[in-house]
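Enquirer: Compute the structure for the input listed below.
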Amino acid sequence: MSGEPAKRNALSQMALVADKLFRGDVRTQYAAICYRHTGRDDGSIEVLLITSRESGRWVIPKGWPMRKKKPHEVASREAWEEAGVRGRIRKKAWGHYTYVKKLEDGELVPAMVQVHLIDVQEMETDFPERDQRRLEWFAPAVEASAVGEPELRGLIAKLELRCCRRATSPVA
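Expert: The predicted structure is shown next:
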């Protein structure tokens with residue numbers, strides 16, 4: 001199966017921080033799944049992935065909590081800073097996923113990421129991290145093999161199902 005090596009890697013990474021998980025030493029981050037409609041009749045979408053600065057793996061925009069900002073506001077800001085995205089953000093969380101974050105000092109910590117959806121309306125070419133990352137639009141089926149976190153793949157699959165189901169539902 002195409003996702004199996006990534007799944008084992010994500011699980012083995014979590015095993016490295018199991019003691020911190022059991023102690024409740026889990027960091028919180030906020031993220032955005034940035035998507036756009038393809039315009040096809042089937043309601044299909046594409047999801048924007050960006051590369052992480054450290055490892056170059058495919059991720060979604062995310063960041064740490066910010067003083068006086070709500071989670072969806074942090075997710076929106078990270079999407080603009082890391083990918084130049086502007087759009088309609090959903091205030092209610094779409095879901096959560098976990099991963100192992102490597103801090104600046106090299107320490108590994110478990111992170112719980114609250115994910116919000118952004119329906120992308122425009123992409124700016126001048127944004128803070130434009131020279132530090134690659135951006136690419138993926139069909140959700142292709143994206144599944146690009147993203148390492150199994151729970152994140154599930155959130156994107158759930159989004160694709162919702163978008164396609166709406167397009168094929170009979171009009172009342």
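
Enquirer: just the strands in this protein please.
Expert: Applying DSSP state E to the chain gives strands spanning 27-37, 45-51, 58-59, 62-63, 85-89, 95-102, 108-123, 135-138.

Enquirer: Nearest approach to residue 18 belongs to which of those?
Expert: The closest approach between residue 18 and any of the strands of the chain, judged by CB to CB, belongs to strand 108-123 at 8.5 Å. Bear in mind the C-beta positions are built from the backbone N, C-alpha and C, glycine included.

Enquirer: Can you spell out which helices and strands pack onto the closest one?
Expert: When contacts are defined as 3 or more CB pairs under 8 Å, 6 or more residues apart in numbering; DSSP states H and E, strand 108-123 sits against helix 4-16, helix 18-23, strand 27-37, helix 71-83, strand 85-89, strand 95-102, helix 150-168.

Enquirer: now with 6 Å?
Expert: The criterion is 3 or more CB pairs under 6 Å, 6 or more residues apart in numbering; DSSP states H and E, and the helices and strands that strand 108-123 contacts are strand 27-37, helix 71-83, strand 85-89, strand 95-102.

Enquirer: The first one: which residues count as buried?
Expert: Buried residues in strand 27-37, counted by 16 or more other CB atoms under 10 Å: 29, 30, 31, 32, 33, 34, 35, 36.

Enquirer: Which helix or strand in this protein has the lowest average pLDDT?
Expert: When each helix and strand of the chain is scored by mean pLDDT, DSSP states H and E, helix 4-16 comes last, with a mean of 65.

Enquirer: sorry, back to before: kindly reformat the strands of the chain as a markdown table and extend each row with distance to residue 157 and mean pLDDT.
Expert: Converted to a markdown table, the strands of the chain look like this (distance: least, CB to CB, whole Å; pLDDT from 0 to 100):
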| stretch | distance to residue 157 | mean pLDDT |
| --- | --- | --- |
| strand 27-37 | 11 | 96 |
| strand 45-51 | 10 | 95 |
| strand 58-59 | 15 | 93 |
| strand 62-63 | 19 | 97 |
| strand 85-89 | 20 | 97 |
| strand 95-102 | 11 | 92 |
| strand 108-123 | 13 | 95 |
| strand 135-138 | 12 | 94 |
